[in-house]
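J.: based on what follows, work out the 3D shape:
(one chain, ligands or ions: 1)
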Amino acid sequence: MTQHSSAPATDTAPAIRTDATGEPTGWWREAVIYQVYPRSFADGNGDGMGDLPGIRARLPYLADLGVDAVWLSPFYASPQADAGYDVADYRAIDPMFGDLHDADALIRDAHELGLRVIVDVVPNHSSDRHEWFQRALREGPGSPLRDRYHFRPGRGRNGEEPPNDWESIFGGPAWTRTKNPDGTPGEWYLHLFAPEQPDFNWENEAVRDEFRSVLRFWLDMGVDGFRIDVAHGLVKAPGLPDMGRTEQLKLLGNQALPFFDQDGVHEIYRSWRRILDEYPGERIGVAEAWTPSPERTALYLRPDELHQAFNFHYLDTGWNAEALRAVIDESLDSMRPVGAPTTWVLSNHDVVRHRTRLGGGLGRARAASLLMLALPGSAYVYQGEELGLPEVTDLPDEVRQDPSFFRDNGQDGLRDGCRVPIPWTSTGPSYGFGSGGSWLPQPEEWAKLSVEEQTGDPTSTLEMYRSALAVRREHPALGAGDAVEWLDDFPAGVLAFRRRAADGSGRDFVCTVNTTGTPVELPTVPGRVLLASGEYDGGALPADTTVWWEA
Ligand code: NOJ
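T.: Here you go, the predicted model:
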């Protein structure tokens, strides 16, 4: 028998389960959440830049893929100094993406298709073009508006040195000096990211009020939740003490620092949770929280705080059976005490796509994807990973837009390669992304990775994802949960675990993953094959291959 990814017959596009009966469904405990990066998903007006009408037109594709929710990276009014993570107006859509009518139509259509919608909220910093920051600059030192950000006099004789030694995550000092209204050198302001992204001062009540109001604005628009950008950064250690180290910080780092993961952040999320709970339909908060340990991350997910956090410890783990087993156990163990679901993620708009990052090409990427989708909890899929897209590693410098690329000693500088617009068709000026070009050039090889090319081909990565999500939705042992039972009689380099059927049907599930470069004989046949990440004939488990079994 040669097994690829034959799609089991299940219903697609279920209607959203509501809480009409008053019973919570806990939909988010097992949701597969698909990240749309609006610039690069679909271009509705042919200007080379993705937009909301483009996304709206492609929602049926996402419903058909079988995801539960869509997370949209920022589409707010923004000068785009950091691809929209520099927000100038939290209640407006950037004209390059559309307008509020488009957002409304998108949310409505998504709901009709059974898809929930999660939007990004960016509370750590605004754009330097935000009205508050502009007024604070104009009004000069002493203005109460300056207290909404972190303005400080400089150190040194004439205030010519930054107020402390903090570094920007994008490289260089985390402080920029302002000019006074009369043109003389003035105070400095804090920006943990680019200079165009001044940090808010969350000790200021107006900031807290403003964000509670922003949350309500979008909840009233009908969104089902928020992905909270830099959720660990809002509160800074009192007095802004030196960090006492000089190495370049990492965007996705986990060091203990005086501006990350301070205990004061939790009070903010408790107040946000109260707002989320006022709305019907189980609206959720998802933390992008980089903390020193999974236990620290779990604190954001206590029952009166947020619902989920990205599991970056998992994303950071290489293709190694022992390391994967350790991080899976650690992730499940750390969430259990707070009763939150573990999440799993392999790719997003800030990291090298996992097909390239894991170093084993498409076969390994597919195996990694099936492992992730077999784990208990919620999973995040980044647009294009279902097509098996690799990172684009040869973008010419002149087309790059990532701000960290342009900063002195910028340490990332590689984020454009995972942001290249995705191919929908095998031909056309931007492979169906839009009727015009594409803001970043797409490799020619992407023609054969397009949605059109892969649809209906049972060996394609797209059909593997469709099948996996259908099995996951239907199988009583998959989805929510907090435990895996490791099967220890498998050879080194093979991860094997069982998940018990939750409905008493006895339909258990086994996942076997060969992380090695050679085929491995299985000690026992675990059951009936449900799905395989590569060609599988029922004998030895091929190199870099995951097989799902009903046991
Ligand atoms: C995390 C976002 O994912 C990233 O793209 C952005 O640059 C930083 N936060 C700053 O907002």
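J.: hey, let's count contacts and neighbours off CA atoms from now on
T.: Fine.
J.: next one: the helix or strand of the chain with the lowest mean pLDDT to chain centre, how far?
T.: Sorted by mean pLDDT, DSSP states H and E, the helices and strands of the chain end with helix 403-406, the least confident at a mean of 76. The chain centroid and the centroid of helix 403-406 are separated by 20 Å, computed with Cα atoms, centre = their mean, to the nearest Å.
J.: which strands or helices does that helix pack on?
T.: Other helices and strands packing on helix 403-406, by 3 or more Cα pairs under 8 Å, 6 or more residues apart in numbering; DSSP states H and E, are absent; none qualifies.
J.: and the helix or strand following it, what does it pack against?
T.: The first helix or strand that comes after helix 403-406 along the chain, using DSSP states H and E, is helix 451-454. Using 3+ Cα pairs under 8 Å, 6+ apart as the contact definition, the elements that helix 451-454 packs against are helix 461-474.
J.: burial of the closest residue in space to Arg135 that isn't next to it in sequence, as a residue count?
T.: Setting aside the residues directly before and after it, Arg135 is nearest to Leu145 in space (Cα to Cα, 6 or more residues apart in numbering), at 7.2 Å. Residue crowding around Leu145 was assessed by other Cα atoms under 10 Å; the count is 20.
J.: residue numbers of this protein in contact with the ligand?
T.: Counting by Cα under 6 Å from any ligand atom, the positions of the chain adjacent to the ligand are Asp82, Tyr85, Asp229, Val230, Asp350.
J.: can you list these in CSV and add pLDDT and secondary structure?
T.: Compiled in CSV, the residues of the chain next to the ligand are given as follows (pLDDT from 0 to 100; DSSP: H, G, I helix; E, B strand; the rest coil):
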residue, pLDDT, secondary structure
Asp82, 95, coil
Tyr85, 98, coil
Asp229, 98, coil
Val230, 97, coil
Asp350, 94, coil
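J.: in the residues you listed, find the pair that's most separated.
T.: Across the residues of the chain next to the ligand, no pair lies farther apart than Asp82 and Val230, at 13.6 Å, counting by Cα to Cα.
J.: contact partners for Asn254?
T.: Trp290, Thr291, Pro292, Ser293 (Cα atoms under 8 Å, 6 or more residues apart in numbering).
J.: actually, Leu257.
T.: Met243 are the contacts of Leu257 under Cα under 8 Å, 6+ apart.
J.: state the distance from it to Gln35.
T.: Taken as Cα to Cα, to the nearest Å, the spacing of Leu257 relative to Gln35 amounts to 29 Å.
J.: got it, and Phe509?
T.: Computed with Cα to Cα, the distance linking Phe509 and Gln35 is 27 Å.
J.: next one: Met372
T.: Spatial separation of Met372 from Gln35 under the definition Cα to Cα is 16 Å.
J.: equivalent analysis for Tyr189, please.
T.: Between Tyr189 and Gln35 the distance is 32 Å, computed by Cα to Cα.
J.: again, but for Gly434
T.: The spacing between Gly434 and Gln35, counted by Cα to Cα, is 19 Å.
J.: those two - which one has more neighbours?
T.: Taking Gly434 and Gln35 together and counting by other Cα under 10 Å, Gly434 has the greater number of neighbours (25 against 22).
J.: poorly predicted segments of this protein, please.
T.: 1-22, 246-253, 407-413 (pLDDT under 70).
J.: what about the helices in the protein?
T.: Under the criterion DSSP state H, helices of the chain are mapped to 52-57, 59-65, 100-112, 131-139, 205-221, 265-278, 294-298, 312-315, 321-335, 354-357, 361-374, 403-406, 451-454, 461-474.
J.: mind putting these into CSV with mean neighbour count?
T.: CSV is the format used below for the helices of the chain (neighbours: other Cα atoms under 10 Å):
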stretch, mean neighbour count
helix 52-57, 22
helix 59-65, 18
helix 100-112, 18
helix 131-139, 17
helix 205-221, 15
helix 265-278, 17
helix 294-298, 20
helix 312-315, 20
helix 321-335, 18
helix 354-357, 22
helix 361-374, 23
helix 403-406, 20
helix 451-454, 20
helix 461-474, 23
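J.: for Leu387, find the nearest of these.
T.: Comparing the helices of the chain by their distance to Leu387 (Cα to Cα), the top pick is helix 461-474, with 5.2 Å.
J.: from the chain's centroid, how far away is that closest one?
T.: Here helix 461-474 is found 20 Å from its chain centre; the criterion is Cα atoms, centre = their mean.
J.: again, but for stretch 397-406
T.: Between the centre of stretch 397-406 and the centre of its chain there are 21 Å (Cα atoms, centre = their mean).
J.: and that stretch, end to end?
T.: With Cα to Cα as the measure, the ends of stretch 397-406 fall 10 Å from one another.
J.: what about the closest residue to Pro429 other than its chain neighbours, neighbour count?
T.: If you skip the residues right next to it in sequence, Pro429 has Gly437 as its closest partner in space, 5.8 Å away by Cα to Cα, 6+ apart. Gly437 has 20 neighbours, counted by other Cα under 10 Å.
J.: and what of Arg507?
T.: With neighbours defined by other Cα under 10 Å, the count for Arg507 comes to 15.
J.: quick one, what contacts the residue of the chain found nearest the ligand?
T.: Scanning the chain for the residue nearest the ligand gives Tyr85, at 4.6 Å (criterion: Cα to the nearest ligand atom). When contacts are counted by Cα under 8 Å, 6+ apart, Tyr85 touches Pro74, Ser78, Val122, Ser126, Ser127.
J.: the residue nearest to the spatial centre of the chain - nearest residue in space that isn't next to it in sequence?
T.: Closest residue to the average C-alpha location of the chain: Asn348 at 5.2 Å, with Cα atoms, centre = their mean. Closest residue to Asn348 in three dimensions, ignoring its sequence neighbours and counting by Cα to Cα, 6+ apart: Tyr382, at 5.3 Å.
J.: just list whatever residues bridge to that neighbour.
T.: Partner residues in beta bridges with Tyr382, using DSSP bridges, are Gln35.
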